[in-house]
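Asks: Sharing a model that was predicted from the sequence below.
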Amino acid sequence: MALDSSKTTGFKYVGTRPNRPDGLDKVTGRAKFGADAYAPGMLHAAIKRSPHAHARIIKIDTSKALAMEGVKAVVTRADFATGLEGEFGDILENVMAGEKALYDGHAVAAVAATSALIARDAIKAIEVDYEILPHVTDVDAAMQAGAPVIRAGAADASVPEGLHPNVVRYYESGHGDVEAGFAEADLVVEDHFVTEATHQGYIEPHACLGTLGSDGKGELWCCTQGHWYVQKVCAACLGLETSQLRVTASEIGGGFGGKTTVFIEPVALALSRKANRPVKLVMTRSEVFRASGPTSSTSMDVKIGMKKDGTITAAQGTFRLQGGAFPGAPCEMTAMCAFAPYDLKHVHQVGYDVMSNRPKQAAYRAPGSPMAAFAVESVIDELCGQLGLDPIDTRLKNASREGTRASFGPTWPRIGLVETLEAVKAHPHYVAPLKKGQGRGISCGFWFNHGGETAVSLALSEDGSAQVAVGTPDIGGSRASMALMAAEVLGIPYEDIRVTIADTATLGYNEISHGSRVTYASGLATIKAAEDAVQKLCGRAAAKWGIPEDAVYWEDGYAKPSGPNAGDFEPLHIDEITATMGATGGPICGHFEATPEGAGVSFAAHIVDAEVDPDTGKTSVVRYTVVQDAGKAIHPTYVEGQFQGGAAQGIGWALNEEYIYGADGRLQNAGFLDYRIPVASDLPMIDTVIVEVPNPGHPFGVRGVGETSICPPLAAIANAVSNAVGVRMRQLPMRPSRVLEALESAADG
Amino acid sequence: MVDVALWSGLRPLVGGRDSVAVEGGTVGEILDALRRDYPALGPTLDAGVSVVVDGRVIATSLTEPVQPDSEVVLMMRLKGG
Amino acid sequence: MSKTHVTTKVNGDEVEFLCDPRETLLDVLRDRLHLTGAKEGCGTGDCGACSVTVDGRLVCSCLMLGVEAEGKEIGTVEGIAEGETLHPLQQKFIEYAALQCGICTPGILVATKALLEKNPDPTESEVRYWLAGNLCRCTGYDKIIRAVMDTAAEMREAS
Ligand code: FES
Ligand code: FES
């Protein structure tokens, strides 16, 4: 009998809020993050970066650097594999420039030396001759005729003829006839929206420690969201057999998508191979801003028609995403997420992936979706305002639900948008009075979530405790959630379970911790691995009792005979079985390897009150409430934490954060002083409401929670500010100068 | 035969149709059939697609079963943060 | 390059080291003394991940030179617990889940401990402004502020 512990109610451990297993290490300073590793004989590395936005590399002279005391190795592109194409080719090109430097901060050479100070001095001694080329950093400018071509031939087959070569991917979908839909509307609002590139802003810079020998065997320690992916990419960039490189994931000091790819690890390994010593490489903060993966900036047009009763008759959106000097801006995600909350008869969406002379964009929490929500939910707010409709009732009236057709094609399974909107409507915040100068905004948000390749292994100890090895780096307390799920299935206390993030030599391939997949996919795999162990425990009990295996069931940590017919036996506790396991058939382990495909999408809706200072244009968020469908909250405290963190990042994106490029194509604010993320005094407490509409694709109903929380804030805050100042805010960030301009235009108008 | 709905950006590659019918009992067989019957879709399929079967997004697994009356929609491959 | 000999106290223990005059106190703590609890989030005084106390005063160790530590008493996150007994702030941070990734936690603990020593009864605003130099990107600060307020209340009761 295959064991199945699926349930959505009646939990003993799941849904409780125990202390996290890594808590002590993290409050005492013991936890080892990327930069906290040291090795005997270790060298320190530094990277030479292009100061130009776009330049041909004529010559790199490393002789002076190499001659310096303490310098042990210098690498350039010539020290990496050749002939790579596609994804890995792009990553290598980004990790170390070939013929051209494609953005300000693009790596061109690297040094390993006996100290960090010497390495930093040595990169200054590397001489690079550049032929400076014309550059472009703005998305609309990059699409225009005559714009400098970043890389010829980068466009794929999706791009229609006649577009600029910087448009490298194109996506279009929808159904119905939007023109007919607009004709049915009582009011049509069409507007143009702009968002700037932002950075994930994890506090831990990228860091690694690599050792690679001339025999092609290597060890790598790094902070990453996915060490199997790092292993694969590094092996390709250095021409190694993948399995010969063992990668261990450090504790990770924030990622939010920005650590799903590779920036420095191949460089450390190439230097190590050349110097024959371990090499540590840590990015500075300014390097993180200039040369890791910020989000896309966008230019968007959205048009929506509505009847007087609030029915949306048609919706159309065009989303242009600037993704840096490589293909990959998530234009299709932006387009697919844009109208996902709504049940639309006529809908049409188009996405453009546009290259520019900026760093290669990387994922940032629900990549592409927050910008779409900003444009779409702003237009809906405008329509509701002009038609005198309640924003929640209007959204409820048009809400996607099970059985309706999604804007991107398929029919929705069980989803929780209606429940989420009802919870907003029922929340006291929604009807709380506002003070003068304040405005309220709400917005929906949507994200897909993801499954992916997953392997988990669980081993029982003689005393009946369990160790679980998972392959997804813990970016927000996931070890606690895994332990809770294993405890639930095994029926042993949470404290008796130790969860470790295994290295690449210990488990099968695990996809990156992204797409909010960890609690869903590693959680599912942990449950299945625990069920596998339970099955074996039942088998041992059956053998002892001399009854068939399927006459034994598992409850609360005990094997029990399944009924009077099975025989009258004292239940066996797990530790009675494990105590003798060596003599009754050997160690008992459970494992699970698969690609779970039942990830459940998740919707959120946020309520924001913003207050605008009419003299300075400064916006303060005075009250904030997050409502989101989690499917099932395994550890509710950490679910709330994800909601709050996403909201705070969204507040930064909406109000302060932006990449600012000068006319010279150089990034002007590559530091936390000028790229200002929210600090404690900027924010109010952030209320949370966890809605639980179980995902049928997970044994306990889990949907991902990490990403959706950043989808609504941009629009919710823009709507709040717009309502406070009486002018529609169409451009992010809504920094004080921009709000002042809006106030002045309102006074003039 | 299973009807596979295409996003509209793909329609020019299949003579303007919004869906095509192919043989297949799994996601993998359907993708193979699309490749064989509509070679113009090849580069898109190689770039990575997800297949939505009756509302479930299948991102990776080729062995997921598909029934003749399943709703099958091609979608671009997801990437998360 | 000639190095300077420095004698100082870290978490009550006397330590000596040789350092390059350009090395920061943070570099020295991490690379020479292997106290990696203090983190480098920016190196420019903007994130607070490197917060330590110097003679009881809260400083960004990335903004102070190692040679300036001569004769001083340095306090880092490693010195906050007393033996196996956690400081109440450490305990509350775990209970409240006032950390997600935990990279900001050492700096925030050092900073809030310094706050509570100065002001045992801070208002929420006072905590928020005191921590305005300690960036946390994961939590939105909510649970951090709650943990600090609750610790302060509990410590007041206990004293
Ligand atoms: S590292 Fe010192 S303030 Fe950021
Ligand atoms: S917990 Fe990650 S930065 Fe604060």
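Replies: Good, I have the coordinates. Ligands and ions are numbered 1, 2, ... in the order given.
Asks: where does chain C dip in pLDDT?
Replies: In the predicted model of chain C, residues C:1 satisfy pLDDT under 70.
Asks: Point out the residues in it that sit beside ligand 2.
Replies: With the criterion set to C-beta under 6 Å from any ligand atom, chain C comes near ligand 2 through C:Leu99, C:Gln100, C:Cys101, C:Gly102, C:Ile103, C:Cys104, C:Cys136, C:Arg137, C:Cys138, C:Thr139. For the C-beta atoms, the positions are set from N, CA and C on the backbone; glycine is no exception.
Asks: what's the following helix or strand after the top helix by length along chain A?
Replies: Taking DSSP state H as the criterion, chain A has its longest helix at helix A:523-545. Scanning forward in sequence from helix A:523-545 by DSSP states H and E, the next helix or strand is strand A:552-555.
Asks: So which of the residues of chain C next to ligand 2 are in helices?
Replies: Among these, no member falls in helices (DSSP H).
Asks: Now list the buried members of those residues.
Replies: Those of the residues of chain C next to ligand 2 that meet the buried threshold are C:Leu99, C:Gln100, C:Cys101, C:Gly102, C:Ile103, C:Cys104, C:Cys136, C:Arg137, C:Cys138, C:Thr139, by 16 or more other C-beta atoms under 10 Å in any protein chain shown.
Asks: need the helices for chain B, in chain order.
Replies: Using DSSP H, helices in chain B cover B:27-37, B:42-47.
Asks: Oh, that last question was meant for the stretch 1-150 of chain A, not what I typed.
Replies: A:23-28, A:63-66, A:86-95, A:116-125, A:139-143 (DSSP state H, counting those that start in this stretch).
Asks: In chain C, what residue spans correspond to helices?
Replies: Under the criterion DSSP H, helices of chain C are mapped to C:25-27, C:88-95, C:105-118, C:124-130, C:142-158.
Asks: Please render these as CSV that adds distance to C:His34 and mean neighbour count to the earlier fields.
Replies: Formatted as CSV, the helices of chain C follow (distance: least, C-beta to C-beta, whole Å; neighbours: other C-beta atoms under 10 Å in any protein chain shown):
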stretch, distance to C:His34, mean neighbour count
helix C:25-27, 12, 24
helix C:88-95, 21, 22
helix C:105-118, 15, 24
helix C:124-130, 29, 17
helix C:142-158, 27, 19
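Asks: out of those, which comes closest to A:Leu344?
Replies: helix C:142-158 (35.6 Å; C-beta to C-beta).
Asks: who does the closest one touch, helix- and strand-wise?
Replies: If you count contacts as 3 or more C-beta pairs under 8 Å, 6 or more residues apart in numbering or on different chains; DSSP states H and E, helix C:142-158 packs onto helix A:636-655, helix C:88-95, helix C:105-118, helix C:124-130.
Asks: again, only using 10 Å
Replies: Judged by 3 or more C-beta pairs under 10 Å, 6 or more residues apart in numbering or on different chains; DSSP states H and E, the packing partners of helix C:142-158 are helix A:636-655, strand A:686-691, helix C:88-95, helix C:105-118, helix C:124-130.
Asks: Which residue ranges of chain B form strands?
Replies: B:2-5, B:19-22, B:49-53, B:56-58, B:72-76 (DSSP state E).
Asks: Given the first one, what are its sheet partners and their directions?
Replies: Using DSSP bridges, the neighbouring strands of strand B:2-5 in the sheet come out as strand B:19-22 (antiparallel), strand B:72-76 (parallel).
Asks: Just give me how far the first one sits from the chain centre.
Replies: Relative to the centre of its chain, strand B:19-22 is centred 9 Å away, using C-alpha atoms, centre = their mean, to the nearest Å.
Asks: Export that strand to PDB, keeping only CA atoms.
Replies: Extracted in PDB, the C-alpha atoms of strand B:19-22 (Å, rounded to 0.1, in the frame of the first residue of the first chain):
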ATOM      1  CA  SER B  19      -4.100  26.000 -32.300                       C
ATOM      2  CA  VAL B  20      -2.800  22.900 -34.000                       C
ATOM      3  CA  ALA B  21      -3.800  19.200 -33.500                       C
ATOM      4  CA  VAL B  22      -1.100  16.700 -32.900                       C
END
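Asks: If anything else comes up later, I'll come back, but that's it for now.
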